[in-house]
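Participant: Generate a structure from the sequence data that follows.
(one chain, ligands or ions: 3)
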Amino acid sequence: MSVAPSEPVDLGVVELAIVGIAQDGGVPQAGCACKNCRMAMEDPSRRYFPSSCAIRGKDCSLHIIEATRSLAEQIVIASKSLRFEVSVPETVSLTHTHLGHVDGLGQFGKEVIDSKDVPLFGSEKVLLDLKRRRLVDPFSAKTVTPMSFFSPKDGCGFEYMFIPVPHRDEYSDTHAIVIKGDEKSILFIPDHDDWDKTLNLNGFENIREWWNYLEVDIILLDGTFWNEKEIEDRDISEIPHPMISETIERIGHKLETDPELYFIHINHTNPILDENSPQYQKIIRMGWRVARQGGTFVL
Ligand SMILES: [Zn+2]
Ligand SMILES: [Zn+2]
Ligand SMILES: [Zn+2]
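Facilitator: Ligands and ions are numbered 1, 2, ... in the order given. Presented below is the predicted three-dimensional model:
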């Protein structure tokens with residue numbers, strides 16, 4: 001299949017597309033008939049893929065962060081949003097090895113794409129875990145040094161920096177990723193456990209100090225749950241994430257000097273998936289946003 005670009009690509013510009021905004025299970029989640037999942041079953045425009053970004057480099061190369069099971073659809077979204085022909089990503093980068101972030105890796109193997117040496121960027125522990133699971137075979141594994149910028153491909157015109165964040169690290173560790181172009185930087189942080197732990201690990205006491213230090217313009221932030229009441233049938237202490245209600249309580253209203261903040265990694269139970277919910281409206285009133293699948297940013 002070939003999807004022709006609808007508008008000419010502005011060569012020399014780096015652009016990022018959000019190609020998934022959901023938590024690992026997606027929306028609808030397998031076997032669930034909650035309100036959001038039912039709405040998604042009835043209306044395809046309310047179906048959301050696990051959180052992932054696609055970046056078109058200055059040289060028109062395609063790069064993805066996270067490899068989800070919805071890779072095929074997400075490349076189509078990237079192609080439409082970023083205006084280029086559908087193609088195989090030239091590099092893949094991973095924050096950690098939980099299911100929804102890596103369950104598309106197998107598609108690069110013999111049964112599907114049959115790639116041989118696509119660079120796969122991850123921390124030492126992430127790559128070790130994936131090697132154990134035989135998921136690295138179609139890739140050329142590239143170990144990332146945290147807290148230092150590197151370019152995933154010569155000529156792509158942007159750089160990544162991996163930042164350690166605590167996140168129930170049973171199998172591997174977890175990183176947030178800064179994507180830095182000539183004009184703007186984006187912080188992608190789909191999963192972390194707890195603001196105090198994240199700030200502490202990075203040597204900061206409050207969220208704004210950390211953002212300001214990173215000099216990012218846009219943040220795509222873990223918005224898994226609105227609050228703990230959302231999950232009645234599971235022990236939420238076993239799946240910790242800072243609740244959106246806590247995050248916006250801590251940061252208050254958006255200040256003019258703040259980065260733009262978009263919530264991503266949204267669980268199927270989260271009321272913010274409905275734009276008419278009071279929770280969604282509250283986020284908007286405070287100057288923050290909820291990410292849109294297919295939304296783009298020029299870097
Ligand atoms: Zn996740
Ligand atoms: Zn559901
Ligand atoms: Zn995770």
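
Participant: Would you indicate which residues of the helix or strand where Leu130 lies are buried?
Facilitator: Assigned by DSSP states H and E, Leu130 belongs to helix 124-132. Across helix 124-132, burial judged by 16 or more other C-beta atoms under 10 Å covers 125-130. No exception for glycine: its C-beta is placed from N, CA and C like everyone else's.

Participant: cool, and stretch 45-63?
Facilitator: By 16+ other C-beta under 10 Å, the buried positions in stretch 45-63 come out as 46-58, 60-63.

Participant: model confidence over that stretch, on average?
Facilitator: When pLDDT is averaged along stretch 45-63, the result is 96.

Participant: Likewise for stretch 164-182?
Facilitator: pLDDT averaged over stretch 164-182 gives 92.

Participant: Stretch 273-282 too?
Facilitator: The average of the pLDDT scores along stretch 273-282 is 96.

Participant: do the same with stretch 128-138
Facilitator: Average pLDDT, stretch 128-138: 95.

Participant: Residues contacting that stretch, please?
Facilitator: 97, 102, 105-106, 108-110, 113-116, 118, 120, 122, 127, 141, 171-172 (C-beta atoms under 8 Å, 6 or more residues apart in numbering).

Participant: residue contacts, Glu238?
Facilitator: Applying C-beta under 8 Å, 6+ apart, the residues contacting Glu238 are Arg168.

Participant: Ok, Leu82 next?
Facilitator: Leu82 neighbours (C-beta under 8 Å, 6+ apart): 9, 15, 17, 54, 56, 62, 296.

Participant: residue ranges for the helices of the stretch 101-250 of the chain, please.
Facilitator: If DSSP state H, counting those that start in this stretch is used as the criterion, the helices of the stretch 101-250 of the chain fall at 124-132, 195-201, 207-214, 244-251.

Participant: Summarise which helices and strands the shortest one is packed against.
Facilitator: In this case it means helix 195-201. helix 207-214, helix 244-251 (3 or more C-beta pairs under 8 Å, 6 or more residues apart in numbering; DSSP states H and E).

Participant: circling back to that earlier point, out of the contacts of stretch 128-138, list just those in strands.
Facilitator: 118, 120, 122, 141 (DSSP state E).

Participant: Looking at those residues, state which has the most neighbours.
Facilitator: Greatest neighbour count in the ones in strands among the contacts of stretch 128-138, by other C-beta atoms under 10 Å, goes to Gly122: 27 neighbours.

Participant: And stretch 192-203, end to end?
Facilitator: 16 Å (C-alpha to C-alpha, to the nearest Å).
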